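*Asks:* the sequence isn't on hand, but the structure is:
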């Protein structure tokens with residue numbers, strides 16, 4: 001899976017570089033901006049797998065941090081407001 005991400009990133013770098021070079025011939029500032037925008041797209045793609053997204057709290061699991069407790073509380077409040085929790089008192093006005 002990581003190989004495909006790197007391959008797509010390499011293709012985007014090549015396409016962005018070609019576009020930046022083509023635009024740079026007409027206007028150097030615009031070419032630099034296109035190159036910077038290409039990097040803005042590629043860098044998050046390369047760093048996507050390094051976040052701690054796998055540590056999110058799931059329903060039914062014991063929370064491991066204060067952030068997990070907050071996420072579960074917010075999810076419960078949203079479900080209560082939508083009426084998904086049967087028997088819960090109505091939300092305060």
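*Replies:* The structure has been received and is ready for your questions. This structure is a prediction, so every number in the text was calculated from the model and none was measured.

*Asks:* from the chain's centroid, how far away is the helix or strand harbouring residue 75?
*Replies:* With secondary structure defined by DSSP states H and E, residue 75 is part of helix 66-82. Between the mean C-alpha point of helix 66-82 and the mean C-alpha point of its chain there is a distance of 20 Å (CA atoms, centre = their mean, to the nearest Å).

*Asks:* output the below-cut-off pLDDT ranges for the protein.
*Replies:* Within the chain, the ranges that satisfy pLDDT under 70 run 1, 49-64, 86-93.

*Asks:* just want the most central residue of it.
*Replies:* Closest to where the C-alpha atoms of the chain average out (CA atoms, centre = their mean) is residue 48, at 7.6 Å.

*Asks:* for it, give me its contacts.
*Replies:* Contact analysis of residue 48 by CB atoms under 8 Å, 6 or more residues apart in numbering lists residue 5. All C-beta atoms are positioned from the backbone trio N, CA, C, and that covers glycine.

*Asks:* quick one, phi psi at residue 83?
*Replies:* phi 90, psi 10 (degrees, to the nearest 10).

*Asks:* distance check, the residue nearest to the centre of the chain against residue 39.
*Replies:* Summarising the geometry, the distance separating residue 48 from residue 39, computed by CB to CB, to the nearest Å, is 15 Å.

*Asks:* now do residue 27
*Replies:* For residue 27, the distance to residue 39 equals 18 Å [CB to CB].

*Asks:* follow-up on the earlier one: buried set for the helix holding residue 75?
*Replies:* Within helix 66-82, the residues scored as buried using 16 or more other CB atoms under 10 Å are 68, 72.
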